[in-house]
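Visitor: Got a predicted structure here, sequence first:
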Amino acid sequence: MFIHKDISVIGVPMDLGQRRRGVDMGPSAMRYAGLLEQITSLGFNVKDCGDIRIDRPEKEKDPEKNLRNLKEVFAASEKLEKEVDLIVQEGKFPLILGGDHSISIGSIAGISRHYENLGLIWYDAHADLNTGETSPSGNIHGMPLAVNLGLGDSSLRNIGNYSPKVKAENIVIIGARSIDEGEKLLIKEKGIKVFTMHEVDRLGMPKVIEETIHYLSQRTDGVHLSLDLDALDPLDAPGVGTPVMGGLTYRESHLALEMLSEAKIITSAEFVEVNPILDDKNRTADVASELVASLLGKKLVLT
Ligand SMILES: NC(=[NH2+])NCCC[C@H](N)C(=O)O
Ligand SMILES: [Mn+2]
Ligand SMILES: [Mn+2]
């Protein structure tokens with residue numbers, strides 16, 4: 001597998017999957033950080049497909065079934081599913097910019113229909129495995145991995161008219177350090193592979209990524225990288241809505257993406273949860289844009 005020479009970038013200015021405003025400006029912050037120029041300078045043909053239009057509720061209603069803004073998140077996910085499906089049909093590499101993590105419901109729905117066995121790397125401080133029944137917050141950005149596994153709300157689950165989008169054994173979570181009780185049970189029940197911060201500390205990032213590559217390349221025919229910037233330590237990526245101390249460093253994250261790039265296993269990617277209002281001089285968007293470059297093969301070459 002190989003990152004295609006043609007990359008299509010699509011922004012999803014979504015902030016309805018959680019309660020802190022500003023994450024809808026993530027796509028512009030990453031574009032402002034020079035993301036597209038960066039990709040072009042690495043020799044790729046890049047097309048900016050612009051942003052999906054997100055319809056906002058007139059005023060936030062009390063959540064039904066503990067799912068805030070369900071109707072709007074559903075509508076946006078359906079749109080994104082169609083756009084991403086087209087990008088993959090055209091043979092291009094989809095690069096999706098969030099927006100809160102609820103957007104991965106639509107992106108993975110558009111991607112996974114093109115694979116028998118899509119692999120999924122969930123690079124995140126959280127597991128995002130809640131459902132309306134288990135969620136402590138009612139925020140849908142804490143639920144997309146469960147939805148992609150075919151759990152939780154049926155309208156979300158069935159976007160694209162198929163479910164599940166990924167099998168539990170094709171998922172690897174990296175960087176987890178804040179997991180709710182219901183999520184822990186699900187991880188155990190489904191046997192999901194998780195490298196918590198404890199494991200990253202013990203094994204080191206090189207081993208974690210080697211094992212991830214080995215594990216996924218045995219069983220999958222494509223791998224989507226879903227990178228939540230809150231996987232990184234808030235010292236390196238402060239502009240996120242749900243920061244958790246003790247995260248992955250800037251260097252560890254670059255190494256991870258450089259190794260994934262060398263292994264040529266990633267077939268689509270999304271970078272989510274960049275919130276410029278909570279950021280420090282757009283640092284988190286800068287970090288995201290640099291991480292994209294590492295994923296696309298940027299390396300220091302001494303000639
Ligand atoms: N994509 C994220 N940042 N998710 C944070 C989720 C936090 C918490 N587990 C919840 O479900 O509300
Ligand atoms: Mn997170
Ligand atoms: Mn997340």
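Guide: That came through fine. Ligands and ions are numbered 1, 2, ... in the order given.
Visitor: From here on, just use CA atoms for contacts and neighbour counts.
Guide: Noted.
Visitor: C-alpha coordinates for stretch 283-294, CSV please?
Guide: Extracted in CSV, the C-alpha atoms of stretch 283-294 (Å, rounded to 0.1, in the frame of the first residue of the first chain):
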residue,chain,number,x,y,z
ARG,A,283,0.8,26.1,17.8
THR,A,284,-1.5,23.1,17.8
ALA,A,285,-2.4,23.7,14.1
ASP,A,286,1.3,24.1,13.3
VAL,A,287,2.0,20.8,15.0
ALA,A,288,-0.8,19.2,13.1
SER,A,289,0.5,20.5,9.8
GLU,A,290,4.0,19.3,10.6
LEU,A,291,2.7,15.9,11.6
VAL,A,292,0.9,15.6,8.2
ALA,A,293,4.3,16.3,6.6
SER,A,294,5.9,13.5,8.5
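Visitor: Identify the residues contacting the closest residue to M25 other than its chain neighbours.
Guide: For M25, ignoring the flanking residues on the chain, the nearest one in space by CA to CA, 6 or more residues apart in numbering is P13 at 6.0 Å. Contact analysis of P13 by CA atoms under 8 Å, 6 or more residues apart in numbering lists V23, D24, M25, G26, P27, D51, I52, R53, I54, G98, G99.
Visitor: can you count the residues close to E64?
Guide: 12 (other CA atoms under 10 Å).
Visitor: so it bridges to which residues?
Guide: In this entry, E64 is beta-bridged to L67, by DSSP bridges.
Visitor: Now tabulate the contacts of P13 in CSV and tack on distance to K167.
Guide: Shown next, in CSV, are the contacts of P13 (distance: CA to CA, whole Å):
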residue, distance to K167
V23, 29
D24, 29
M25, 32
G26, 29
P27, 29
D51, 29
I52, 27
R53, 30
I54, 29
G98, 24
G99, 25
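Visitor: of those, buried ones?
Guide: Buried members of these, counted by 16 or more other CA atoms under 10 Å: V23, D24, M25, G26, P27, D51, I52, I54, G98, G99.
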